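**Student:** any chance you can model this:
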Amino acid sequence: MTKERKIQTFTIDWQGIALSVSYETRWLDLESANVAHLEVRSDGRVRLPITETGYRSHFLSPEAVTAAGGPVAYALAWLDYMAQSKEWKAHAEASRQLNLF
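**Tutor:** Presented below is the predicted three-dimensional model:
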């Protein structure tokens, strides 16, 4: 007998980008596995510091999500941390520049 999946979905904003964050505490509902699933999608699949395609699927421990303050807090902290990379800063700067060609 298959149990109904319990997926929470949140709509948030990160630096002016609309995001959907989905979270399943017990992925596949396996008793032996302690694995949660987090998905982050940007509206229009806009590039993010955690993904060039605007979509990221991430498996992690539910304890990590709880320790961060929940799925939204985890996703925002992850985005903020990765936004400190040289690659993201260069992308953000280039996105602000006018393209003359």
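
**Student:** neighbouring contacts of stretch 33-49?
**Tutor:** Residues outside stretch 33-49 that contact it (Cβ atoms under 8 Å, 6 or more residues apart in numbering): 14, 17-28, 50-51, 53-65, 71, 74-75, 79, 82-83, 85, 88, 91. In short, each C-beta sits where N, CA and C put it, glycine included.

**Student:** where along the chain do the strands fall?
**Tutor:** Ranges of strands within the chain are 7-14, 17-24, 36-42, 55-60, based on DSSP state E.

**Student:** tell me the strands beside the last one, with direction?
**Tutor:** By that I understand strand 55-60. strand 36-42 (antiparallel) (DSSP bridges).

**Student:** quick one, the strand it pairs with and strand 7-14 angle?
**Tutor:** Angular relation of strand 36-42 and strand 7-14 on a 0 to 180 degree scale: 40 degrees, by axes from the mean of the first three to the mean of the last three Cα atoms, to 10 degrees.

**Student:** now strand 36-42 - C-alpha only, CSV.
**Tutor:** The C-alpha coordinates for strand 36-42 follow below in CSV (Å, rounded to 0.1, in the frame of the first residue of the first chain):
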residue,chain,number,x,y,z
ALA,A,36,14.3,14.8,2.5
HIS,A,37,13.8,16.4,-0.9
LEU,A,38,13.9,20.1,-1.7
GLU,A,39,13.2,21.6,-5.1
VAL,A,40,13.8,25.2,-6.0
ARG,A,41,12.3,26.7,-9.2
SER,A,42,12.5,30.2,-10.5
